[in-house]
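In: Model the following, please.
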Amino acid sequence: MIDGKLQKRHLIINLYRLLDIALSLGSFAAAYYIRKYFLPFNLSTLQEGTIYLIIPLLIVIIWFLMFLFFDVDAPIGKKLLQIQFNVIKAVTAGIIILVVSLFFFKIHNVSRLLLGTFYIINMIALVISKAIVYKIYRTSEKSDYNRCNILIIGSKERAAGAISLINSCDSRYFILGCLDINKDKIGKVVKEGIKIIGTVDDIQSILLNNVVDEIIFAMPMHQIDNVEAYIQLIELMGIRVRIFPDWNIHSLFYEPRIATIFYDELNGIPSMVLSSTTTRQRDLLIKLFLDYILSGVALIMLFPLHLLIAMLIKITSPGPIFFKQERVGLNGRKFQVYKYRTMVKDAEKKLAELQAMNEADGPAFKIKKDPRIIPVIGTFLRKSSLDELPQLFNIFKGEMSLIGPRPPLCNEVAKYNVWHRRRLSMKPGITCIWQIQPRRNELSFDEWMDLDLEYIDAWSLKLDAKIFFKTIGVMLGGQGR
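Out: This next block holds a predicted model:
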């Protein structure tokens, strides 16, 4: 039996501790560099030797123990001032134990100025990092992308129990409503203000018009006519199914075509889950951390490039620097995607005039020589894919990932077949398998969809790394359009 929530919490705490240790080692390296190269000449003499390799090892051991002792970990259920006060206590105790350890092991001639500089830098770095992490954590808690929207099938005792159970969990769970098999019950309250919003026959319409992350079957399966067809539909759309304990579950003769079946706990209650996306929560959490870290580093490192592109757009074409457009993300969530503007002002209004020139099949729109593109700079940004760089802000907001299916337009999603919807079951990305294909601009719409679903089914950190490095090659080769 797997407690996914507990496993995820432990992984978050361990990743935060790893970040704290990395910052502490970086602080020592910075202190050593400052002490050796930036202090006045008469103070800059620093003894060389292995002792300055031993000290980082002692820091790793001592700081790890101090972080454990003073409970310096993830900002789950804590106030910022409490976390920062714990950091001050941990670093202060750590530096005292480090000095005592050096004396105990008879390691002499260690620069006291170096240790003092390290103490100050480490304190500042950890306090600032905790404030940043705390802000990101609190913002993500309120974000729709971190809220799990749940639809419950059932309206009696088991459904009422599910409502109480979910509402007793943390605030990231939100119940959209309940479905029943009886049309006469629509509008009635099941429990705690949660109403019956339709019947199981309405499930496709509800899923197409609402953001639903998980469906809970909280009634005996044998009471639902043709229940296998409903589960197949939900599976085809990539939405997670959770089934609460049912002694008649053996009556459900259903073999998933796509989904993986596993057992999980929701607030201590065992349940069976069908998931059409990966169940490797640890790897997904690592992917999330990498998204934040790499996008943050890229935004800082590429700032001069961002500035240059912004100036060139402003000089060559009247209008805004950035282009904002509503796109569809995880399980139908809508958000504003950012790009550098590569087309003339009011290009969206001219789209209707060009529909007859569309070279793509399906809902997508593509033409080789779009007359709306800004000459030279617009063409260059598109071919190099540098116009996508502002989407690093979308990643930092939690709306996108570095790697994932491209976020479609709202009018494209409205024309999707049911099986196309499963590509929305993973967070959209800046690049994916489709964008590294040699003939990506010649692929049909269904081939494009197949590649995205192939990515979802085969997802791993290794696959993301492969796509990431291949994308760099595609950008350097100027294969964009």
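In: What residues of the helix or strand where Y134 lies count as buried?
Out: Secondary structure from DSSP states H and E places Y134 in helix 112-142. Neighbour-count burial for helix 112-142, counted by 16 or more other CB atoms under 10 Å, picks out 114-115, 117-119, 121-123, 125-127, 129-130, 133-134, 136-137, 140. (Each C-beta comes from the backbone N, C-alpha and C, glycine too.)
In: hang on, I234 in a helix?
Out: Yes: I234: assigned to a helix according to DSSP: H, G, I helix; E, B strand; the rest coil.
In: Quick one: residues contacting it.
Out: For I234, the contacting residues are 203, 207, 215, 241, 274, by CB atoms under 8 Å, 6 or more residues apart in numbering.
In: Which single one of these is nearest to F445?
Out: Nearest to F445 among those, counting by CB to CB, is L207 at 21.4 Å.
In: Mind giving me the packing neighbours of the helix or strand containing that closest one?
Out: For L207, the host element (DSSP H and E) is helix 203-209. If contacts are counted by 3 or more CB pairs under 8 Å, 6 or more residues apart in numbering; DSSP states H and E, helix 203-209 sits against strand 148-153, strand 194-199, helix 227-236.
In: Can you say which of those is packed in most?
Out: Of all the helices and strands packed on helix 203-209, strand 148-153 carries the top mean neighbour count, a mean of 22, counting by mean count of other CB atoms under 10 Å.
In: Quick check: can you name the pairing partners of that one and their directions?
Out: strand 173-180 (parallel), strand 214-217 (parallel) (DSSP bridges).
In: quick one: which of those is nearest A259?
Out: Of all the strands paired with strand 148-153, strand 214-217 sits nearest to A259, with 11.9 Å by CB to CB.
In: For that closest one, buried residues please.
Out: In strand 214-217, counting by 16+ other CB under 10 Å, buried: 214-217.
In: Let me have the strands paired with strand 148-153 in TSV, extended by distance to L463 and mean pLDDT.
Out: Converted to TSV, the strands paired with strand 148-153 look like this (distance: least, CB to CB, whole Å; pLDDT from 0 to 100):
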stretch	distance to L463	mean pLDDT
strand 173-180	30	93
strand 214-217	25	93
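In: any chance of the ones you listed in TSV, with distance to L266 too?
Out: Formatted as TSV, the strands paired with strand 148-153 follow (distance: least, CB to CB, whole Å):
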stretch	distance to L266
strand 173-180	9
strand 214-217	8
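In: do you know which of those strands lies nearest I83?
Out: Nearest to I83, of all the strands paired with strand 148-153, is strand 173-180, at 24.9 Å by CB to CB.
In: which residues are in contact with the closest one?
Out: Here strand 173-180 has contacts from 147-155, 159, 163, 166-167, 186, 190, 194-200, 202-203, 206, 210, 212, using CB under 8 Å, 6+ apart.
In: which element follows the helix or strand hosting L285 toward the C-terminus?
Out: Using DSSP H and E, L285 maps to helix 281-301. Next helix or strand after helix 281-301 toward the C-terminus (DSSP H and E): helix 303-316.
In: relative to helix 281-301, how tilted is that next one?
Out: Computed by axes from the mean of the first three to the mean of the last three CA atoms, to 10 degrees, the angle separating helix 303-316 from helix 281-301 equals 60 degrees.
In: what helices or strands is helix 303-316 leaning on?
Out: Contact partners of helix 303-316 among helices and strands, from 3+ CB pairs under 8 Å, 6+ apart: strand 334-340, helix 377-384.
In: got the end-to-end distance for stretch 374-394?
Out: Counting by CA to CA, to the nearest Å, you get 24 Å between the two ends of stretch 374-394.
In: re the thing from before, just the CA coordinates of the helix holding L285, formatted as PDB?
Out: Below are the C-alpha coordinates for helix 281-301, written out as PDB (Å, rounded to 0.1, in the frame of the first residue of the first chain):
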ATOM      1  CA  GLN A 281       5.600  10.800  -8.000                       C
ATOM      2  CA  ARG A 282       9.300  11.100  -6.900                       C
ATOM      3  CA  ASP A 283      10.400  11.700 -10.500                       C
ATOM      4  CA  LEU A 284       7.600  14.100 -11.200                       C
ATOM      5  CA  LEU A 285       8.600  16.100  -8.100                       C
ATOM      6  CA  ILE A 286      12.300  16.200  -9.300                       C
ATOM      7  CA  LYS A 287      10.900  17.400 -12.700                       C
ATOM      8  CA  LEU A 288       9.100  20.200 -10.900                       C
ATOM      9  CA  PHE A 289      12.200  21.200  -9.000                       C
ATOM     10  CA  LEU A 290      14.300  21.200 -12.100                       C
ATOM     11  CA  ASP A 291      11.700  23.400 -13.900                       C
ATOM     12  CA  TYR A 292      11.900  26.000 -11.100                       C
ATOM     13  CA  ILE A 293      15.700  25.900 -10.800                       C
ATOM     14  CA  LEU A 294      16.600  25.800 -14.500                       C
ATOM     15  CA  SER A 295      14.000  28.400 -15.500                       C
ATOM     16  CA  GLY A 296      15.200  30.700 -12.700                       C
ATOM     17  CA  VAL A 297      18.900  30.300 -13.700                       C
ATOM     18  CA  ALA A 298      18.000  30.800 -17.400                       C
ATOM     19  CA  LEU A 299      16.100  34.000 -16.700                       C
ATOM     20  CA  ILE A 300      19.100  35.400 -14.800                       C
ATOM     21  CA  MET A 301      21.800  34.200 -17.200                       C
END
